[in-house]
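S.K.: Model the following, please.
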Amino acid sequence: MIYNWSGAAYRSKQVDVAPIIVMGFWTILITHEKDGSMSYFYGMKNEKPLHETEGFNSREELDDWFRPLVKIGTTVGKTLMRFRLANSKMSTPNDENLNQK
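M.R.: Numbers count the residues shown, from 1 in each chain. Now for the predicted structure:
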C-alpha cells in the first residue's frame, strides 16, 4: 500500500493512496567522486535514464540533489524499488507465475 502522511511525517496518521505490487528492488550505490562528479551503480534493467525514473528533469538535477547528501570521496547504498498499481491491467512474467498452481 502506498500511503501519505495526513500531517507531519511520523507524527500523524497514514492515509492510504493505492494498493501496489512490488515488482522488484535493487541496491543502488551513489558515489561522490573526488573530482566532484557523481556516479550511480545499480543492477536494475531500465529503459529510461535513472534521472527520469526518479522524477528529476535531468542528470544534472539528480546530481545536484545527491551531491550535498554524499560526502566527497564516499559511496552510500540505497534501495530502488519498482512497483505498479495492484489494479493495473499490466502483466509481468512474475504475474503469470503467481497465477499458476
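S.K.: quick one, helices of this structure?
M.R.: Remark: helices assigned in the chain by DSSP state H are 50-53, 59-66, 93-99.
S.K.: Quick one: residues contacting the closest residue to residue 23 other than its chain neighbours.
M.R.: With C-beta to C-beta, 6 or more residues apart in numbering as the measure, residue 82 is the residue that lies nearest to residue 23, at 4.7 Å, once sequence neighbours are left out. For every residue, glycine as well, the C-beta is placed using N, CA and C. With contacts taken as C-beta atoms under 8 Å, 6 or more residues apart in numbering, residue 82 has the following neighbours: 22-25, 44.
S.K.: which secondary element of the protein has the worst mean pLDDT?
M.R.: Comparing helices and strands within the chain by mean pLDDT, DSSP states H and E singles out helix 93-99 as the least confident, with a mean of 42.
S.K.: what's the distance between the residue positioned nearest the centre of the chain and residue 46?
M.R.: When C-alpha atoms, centre = their mean is applied to the chain, the residue found nearest the centroid is residue 80 (3.7 Å). With distances taken as C-beta to C-beta, to the nearest Å, residue 80 is found 9 Å from residue 46.
S.K.: got it, and residue 2?
M.R.: 21 Å.
S.K.: next one: residue 65
M.R.: If you go by C-beta to C-beta, the gap between residue 65 and residue 46 works out to 18 Å.
S.K.: where do the strands sit along this protein?
M.R.: Ranges of strands in the chain, per DSSP state E, are 2-5, 14-18, 20-32, 38-42, 74-85.
S.K.: Kindly tell me how buried residue 30 is, as a neighbour count.
M.R.: 20 (other C-beta atoms under 10 Å).
S.K.: repeat for the one 3 residues further on
M.R.: Residue 33 is surrounded by 13 other residues when neighbours are defined as other C-beta under 10 Å.
S.K.: Spatially, what comes nearest to it if we skip its sequence neighbours?
M.R.: Using C-beta to C-beta, 6+ apart and skipping residues adjacent in sequence, the residue nearest residue 33 is residue 39, 6.2 Å away.
S.K.: who's in contact with that neighbour?
M.R.: For residue 39, the contact set (C-beta under 8 Å, 6+ apart) comprises 30-31, 33.
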